[in-house]
Structures are given as C-alpha cells and as structure tokens.
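Visitor: what's the 3D shape of this:
(one chain, ligands or ions: 1)
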Amino acid sequence: MTSELPVKESPKKKVSSPKKTSLSKEPLLVQTLRGMRDILPDEQPHWERLRRFLSNACQEFGFQRIDTPLVEYANLFIRSIGTGTDIIDKEIYCFETRGGDRVALRPEFTAGIARAYIEHGMQSLPKPVKLFSTGPLYRYDRPQEGRYREHWQANFDIFGESDPILDAQIFQIAFRILTQLGLKNIEFQVNSIGTPEGRKEYRKILVRHLESQRHKLCQNCKERLVKNPLRVLDCKEEKCAQVTANAPKSADYLDAESREHFKTLLEYLDELELPYTVNPRLVRGLDYYTKTVFEIYSTNNDRDGKKASLGGGGRYDGLIKSLGGEATPAIGFALGMDRLVLEMIRLGVKPYKESRPKVFLAQLGDCAKKKSLRIFSELQKNDILVAESFGRGNLKSQLRAANRVNAEITVIIGQKEALDGTAIVKDMVSGTQEMVRQEKLFFAVKKILKSNSQVNHNGNGNKK
Ligand code: HAM
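Guide: As a prediction, this is how the structure comes out:
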C-alpha cells in the first residue's frame, strides 16, 4: 500500500487523542472488506480436517507451536522481505499507531518468528528448533478466487541446521500433509538461488540479458529490472516469459557450496521419490531466501488453466543475522490454507465429520428444565455426547430435533419424572422405552449404547 516507508523507527511521539471524525455518521456497511471473507460453519469441516492433519504433522516431525502478534513494527517486514518485492511495495498494510509507531499487519509469518527467535534467546536451545504457526495474514492484493487480502497459512520453520537433509525433510512434511488430505496430484518446483554474494555476479549477467530486450518487457518488469531484476524471471506475463525463456539460469552461477547443497538436496528428493521438477526461473517473491527455493502446485489445473501455488518456501540462512541475531541457518515453508480447502472441495475430498451425539435430552415443564441442565452435565462428565433443544418447551418439536441429530437414545424428563426423580429412556433403534431412576440413568444409557454397538458390529442393523 505504501512504498515510501521509513527504514528507521519513528521516534516515540506524545500520545495524542484521536482526531474527532464523524465516523459514527458514515453509513454502516454490513459486509466484509473487499478480499476478506467469513469462513462459515458449512466450510469448517474441511478446515477442521486440514487443522487435524497439520497438528499430526507437527507431532510426527517434532514441531512446536508458536503464536506471534498480528501486528509488528513495519521495519521488521521491510528489512526481512525487502523493498522491491510486491509484498512490501504494493501489498503490506502499514499504518501509524496513536503512539506514533510505524506498524504493519503481518503479510507472512517468517519475519515475526525470526524476531521471536532472537528476542527470546532461542539460539541457546538444542538445534534444530522447529516452529509451527498458523493464522491469518494480510496482503493488499487484487482479490480473486484463491487470492484474498486476508488469507491463512500453515507455516513450518526450522532453525539451526544447514544440512540439505533438513531441506528434504521440509519437502517431506509438505508432501505428507498434502497426501494425507487426499490431494494426490502434487508437484514441487525447485531451484537454487545461491548466496547473496554469489548472486551479485548472476544478477549482473541477468540484467545484461534483460536490458537487451527491455522494450519487450511489461511495465512492471521494466521497474523490476532496476529494483529487483530476479523477479522478472517470475513474471507471469506471456511477453516477459518469452524474454526470460532463454535467460541465464541462477543454478549455472552457483558458488561451489550452494551447487553441492542443491545437488545433494535433489538426490534426497529422488531417494524420497517426491514428484519434483527443477524450475530455473523460480526465484520467489521474498528477498530473504538463499540456496533452496521451492513452490508446490496441484497438477489439476484451475478452471482458467492457470496454476496457483498451494505453498512455497526455501532456505534463509542470512535472515537471523541480518535482524541482529547470531548467524543461524534456517529453512521453512508455508501452505496456503484457503487454497488447500478450495482444492479439497474441488477434488471432492471428504471433510472432517464430527462425532454425532448419541443421546438427546428432552424436557417438559419448568421443573424438568432445571433438572435437565444437571443431567446434561452428568452425562457429559461421563463422556457421553448429548444434544438438546432447551429453548423449546414443546415435546413434539424436541423429538423432531432428536430425529434430526439421529440420536440413538432420547431421554425424556416430564413434570412427573422431575418430581419423582425418574427419566424415560427411549431406545430409538429398537423403539422400546423404560423408566429409570435418574441416578441410574448413566448405566441405562451405557447399556443401550453397548447393545446397539454390538448389533452394528455384527452387521445386523435391525434390533427391532
Ligand atoms: P508465500 O509463497 O508468499 O510464502 O506464501 C505461501 C503460500 O500462501 C502461497 O503458496 C499461497 O498458497 C498462500 N498465499 C499467499 N498469498 C495468498 C493470498 N493473497 N491469498 C491466498 N493464499 C495466499 C511465504 O509467505 C513464506 N513466508 C513461506 C516461508 C516460510 N518461507 C520460509 N518459511
């Protein structure tokens, strides 16, 4: 949003009271901001399935969760991601607080996590330090399907190891999550962009190539040519792609160490039999990367034939030092959760299914209503999932609700039962019902559930 951002923190200003505006007089728009959306209950089962597999992956690969603030000093992102990138020049939500701090909504996780790593002295922890984050991020992008101004990522970062086996493990984690989700047609695109020192030489050669065909580039790329020429390689415009098709490749100009690192990584990927292709034009849109960069695509094309990346990442061995910490190699990646859910829906992947309540609790009359609350919590304490419709007084409509949730048992407490301490227990499978004392209710419910599960287990669904 703002390209002219101060690199130094602004000095603390005296807190001034907010300007009096007539905001309260503006018409109230009952709608989300452009590019932002509600994730409604209907979509949540897909998100829940994703969240569960992410949590499994954290356990399997030894990641610990970290939550960092949504708002950080703007400079943290500017220095990490780099000016000349789309995120900083066009997309970051940046503003000044009432206290005069220049802050930004996080456009990605890694900068905040690197800041936390330094701030909390994590360099003294046993290596590698593996951190996982998830939450919303903000980029003032042009909204379309799969591209939002508020989007969610699942972010994995590993600090303290430079060995390419960690790079391979990052690919392995991504692949594990995606295949567990049921997304089968996955392809990794991988490249190495070497070290910043080594890249200087490559940059010169690339600029020479691009300058010779400057007139064929789009306006954006003409600007990139000055500010961040490697980004020209990533441009999706057809005319730019033609210019870069024969451009010199970063992998051909790597220093010896980066070349060895890349070669070993590819050997590991072969060993793991992961589906990858080397894409010499892949540079990524954030400046902190060194050596390995990669993106993840589904080979099922979108409706318009374009591919949107489901995730991406790479190594960033210089970031922690550049932010003032001890030199610490690091690698990570993030999956775009909104895009994964879209892909799950597109492929008809089964969403997560909540366990359904086994018991429905119906009540009739004020006294029964009071008793029901206690009975509800007692059944819950014994790990029995109970549904109810406490707001309704009418028994008929409560029984309709019981049918809707498809409960195996309906417990009915009427005025009489409330007074004499009993309950009617109706087995919805066999249709039989019995009267039990309230203190024995749990045992009666348990007995029916057990007998129903045996009937199901023996393949005979009919108890009647
Ligand atoms: P990124 O490629 O900018 O990387 O974002 C990661 C993923 O987030 C993308 O592949 C895409 O799936 C999703 N994504 C990005 N922008 C949007 C958007 N506007 N709407 C919907 N989805 C989006 C990073 O952010 C790095 N911090 C990843 C990383 C972690 N590198 C090292 N560690």
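Visitor: Stretch 85-92: which residues count as buried?
Guide: Across stretch 85-92, burial judged by 16 or more other CB atoms under 10 Å covers 85-89, 91-92. For glycine as for every other residue, the C-beta is placed from the backbone atoms N, C-alpha and C.
Visitor: make that stretch 57-65, sorry
Guide: 57-58, 61, 63.
Visitor: coming back round to it: in JSON lines: the buried residues of stretch 85-92, plus secondary structure and distance to the ligand.
Guide: Below are the buried residues of stretch 85-92 laid out as JSON lines (DSSP: H, G, I helix; E, B strand; the rest coil; distance: CB to the nearest ligand atom, whole Å):
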{"residue": "Thr85", "secondary structure": "coil", "distance to the ligand": "10"}
{"residue": "Asp86", "secondary structure": "helix", "distance to the ligand": "9"}
{"residue": "Ile87", "secondary structure": "helix", "distance to the ligand": "7"}
{"residue": "Ile88", "secondary structure": "helix", "distance to the ligand": "12"}
{"residue": "Asp89", "secondary structure": "helix", "distance to the ligand": "14"}
{"residue": "Glu91", "secondary structure": "helix", "distance to the ligand": "8"}
{"residue": "Ile92", "secondary structure": "coil", "distance to the ligand": "12"}
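Visitor: As CSV, these with pLDDT and distance to Lys307 would be great.
Guide: Output for the buried residues of stretch 85-92, formatted as CSV (pLDDT from 0 to 100; distance: CB to CB, whole Å):
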residue, pLDDT, distance to Lys307
Thr85, 90, 21
Asp86, 91, 18
Ile87, 95, 20
Ile88, 95, 25
Asp89, 93, 24
Glu91, 97, 20
Ile92, 98, 25
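Visitor: how close does whichever residue of the stretch 1-150 of the chain sits closest to the ligand sit to Thr244?
Guide: Among the residues of the stretch 1-150 of the chain, Glu108 lies closest to the ligand, at 3.5 Å counting by CB to the nearest ligand atom. Counting by CB to CB, to the nearest Å, the separation of Glu108 from Thr244 is 25 Å.
Visitor: Same question for Leu225.
Guide: Leu225 is 11 Å from Thr244, by CB to CB.
Visitor: ok so the residue of the stretch 1-150 of the chain closest to the ligand is a helix residue?
Guide: No. Assigned with DSSP: H, G, I helix; E, B strand; the rest coil, Glu108 falls outside any helix and is coil.
Visitor: Which helix or strand contains the residue nearest to it when sequence neighbours are not counted?
Guide: Of all residues not flanking Glu108 in the chain, Leu137 sits nearest, at 5.9 Å (CB to CB, 6 or more residues apart in numbering). Following DSSP states H and E, the helix or strand that holds Leu137 is strand 129-138.
Visitor: What residues does the protein have near the ligand?
Guide: By the rule CB under 6 Å from any ligand atom, the part of the chain lying against the ligand is 108-110, 139, 141, 146-148, 151, 153, 155, 157, 285-286, 309-314, 332-334, 336, 338-339.
Visitor: Which members of these are classed as buried?
Guide: 108-110, 139, 141, 146, 148, 151, 153, 155, 157, 285-286, 309-314, 332-334, 336, 338-339.
Visitor: out of the residues you listed, which are inside helices?
Guide: Within these, residues falling in helices by DSSP state H are 110, 338-339.
Visitor: Which of Leu225 and Thr244 has more residues huddled nearby?
Guide: Thr244 (20 against 17; other CB atoms under 10 Å).
Visitor: Give me the pLDDT value at that one.
Guide: pLDDT, Thr244: 92.
Visitor: Tell me if it really is in a strand.
Guide: No. Thr244: not assigned to a strand; according to three-state DSSP it is helix.
Visitor: average model confidence for stretch 386-398?
Guide: 87.
Visitor: Contacts made by that stretch with the rest, please.
Guide: With CB atoms under 8 Å, 6 or more residues apart in numbering as the test, stretch 386-398 has contacts from 357-365, 369, 372-373, 376, 379-380, 401-402, 405, 407, 412, 414.
Visitor: Just the buried residues of it, please?
Guide: Applying 16+ other CB under 10 Å to stretch 386-398 flags 386-389, 398 as buried.
Visitor: So which of those are in strands?
Guide: Taking DSSP state E, the ones among those that sit in strands are 386-388.
Visitor: Just the pLDDT for the closest residue to the ligand within the chain.
Guide: For the chain, the residue closest to the ligand is Gly336, as judged by CB to the nearest ligand atom, at 2.2 Å. Model confidence at Gly336, given as pLDDT, is 98.
Visitor: Check Asn458 too.
Guide: 62.
Visitor: What ranges does the stretch 51-200 of the chain have for its helices?
Guide: Using DSSP state H, counting those that start in this stretch, the helices found in the stretch 51-200 of the chain span residues 74-81, 86, 110-119, 164-181, 196-211.
Visitor: Can you convert these into CSV and add a column each for distance to Cys218?
Guide: Converted to CSV, the helices of the stretch 51-200 of the chain look like this (distance: least, CB to CB, whole Å):
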stretch, distance to Cys218
helix 74-81, 22
helix 86, 13
helix 110-119, 28
helix 164-181, 31
helix 196-211, 12
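Visitor: what about this structure, any weak spots by pLDDT?
Guide: 1-21, 301-306, 456-464 (pLDDT under 70).
Visitor: which residues of the stretch 351-464 of the chain fall in helices?
Guide: 366-381, 395-405, 415-420, 441-457.
Visitor: As TSV, the ones you listed with distance to Thr32 would be great.
Guide: Converted to TSV, these look like this (distance: least, CB to CB, whole Å):
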stretch	distance to Thr32
helix 366-381	35
helix 395-405	30
helix 415-420	46
helix 441-457	43
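Visitor: nearest to Cys218, of the ones you listed?
Guide: The closest of these to Cys218 is helix 395-405. By CB to CB, the value is 56.0 Å.
Visitor: Sort out which residues of the helix or strand harbouring Leu50 are buried, please.
Guide: Per DSSP H and E: Leu50 is located in helix 44-61. For helix 44-61, the neighbour count (16+ other CB under 10 Å) marks 46-47, 49-50, 53-54, 57-58, 61 as buried.
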